[in-house]
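Chemist: here's my sequence, what's the structure:
(one chain, ligands or ions: 1)
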Amino acid sequence: MAPSVADAYQGQGLGRLLMERTIELARRLGRRRMLLLGGAQADNARAIALYRRLGFTAAGRFEQPRGAPN
Ligand SMILES: CC(C)(COP(=O)(O)OP(=O)(O)OC[C@H]1O[C@@H](n2cnc3c(N)ncnc32)[C@H](O)[C@@H]1OP(=O)(O)O)[C@@H](O)C(=O)NCCC(=O)NCCS
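Modeler: As a prediction, the model looks like this:
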C-alpha cells in the first residue's frame with residue numbers, strides 16, 4: 001500500500017490520521033515493526049515529514065529504474 005490522500009484534501013491532517021490508524025491496526029495484530037518497503041521519493045517533502053513525525057527512520061537509499069532517488 002502507499003498512503004494517498006486526494007489532492008484537494010492534502011495538508012489537513014488526513015494522511016497522519018490514516019497512518020496512525022494503520023499503525024494501531026498493526027499493533028493490535030501483534031506486529032512490532034513496520035517497514036515502508038517502497039520508500040519515499042527524496043523530493044516528496046510532505047511524505048518524508050509525515051513518516052519522520054510518526055517515528056520512521058531511513059534504513060537506506062535506493063534508486064528506481066529511471067534513477068529517481070528514494
Ligand atoms: C503523503 C500524503 C499521504 C500525506 O497526507 P496529508 O494528508 O497531505 O498529510 P498531513 O496533512 O497529515 O500532514 C503530514 C505532515 O506533513 C507536514 N507537511 C504538510 N505539507 C508539507 C509540505 N509541503 N512540506 C513538508 N511537510 C509538510 C505536515 O506539517 C504534517 O506534519 P505534522 O503532523 O507534524 O504537522 C499525501 O500528501 C499524499 O497522498 N500525497 C501524494 C501521494 C504520496 O506521495 N504518497 C506517499 C508515497 S511515499
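Chemist: give me the helices and strands touching the longest helix anywhere in the chain, please.
Modeler: When the chain is parsed with DSSP state H, its longest helix is helix 14-28. Packing partners of helix 14-28 (3 or more CB pairs under 8 Å, 6 or more residues apart in numbering; DSSP states H and E): helix 45-53. In this view, the C-beta of every residue, glycine as well, is placed from N, C-alpha and C.
Chemist: burial measure for residue 40, as a count.
Modeler: Neighbours of residue 40 under the rule other CB atoms under 10 Å: 19.
Chemist: skip the chain neighbours and tell me the closest residue to it.
Modeler: residue 47 (4.5 Å; CB to CB, 6 or more residues apart in numbering).
Chemist: returning to that earlier point: state the mean pLDDT of the longest helix of the chain.
Modeler: Averaging pLDDT along helix 14-28 gives 96.
Chemist: check stretch 48-61 too.
Modeler: Mean predicted confidence for stretch 48-61 is 94.
Chemist: that stretch and the ligand, any residue contact?
Modeler: Yes. Using CB under 6 Å from any ligand atom, stretch 48-61 reaches the ligand at 49, 50, 53.
Chemist: considering those residues, which possesses the most neighbours?
Modeler: That'd be residue 50 among those, by other CB under 10 Å, with 18 neighbours.
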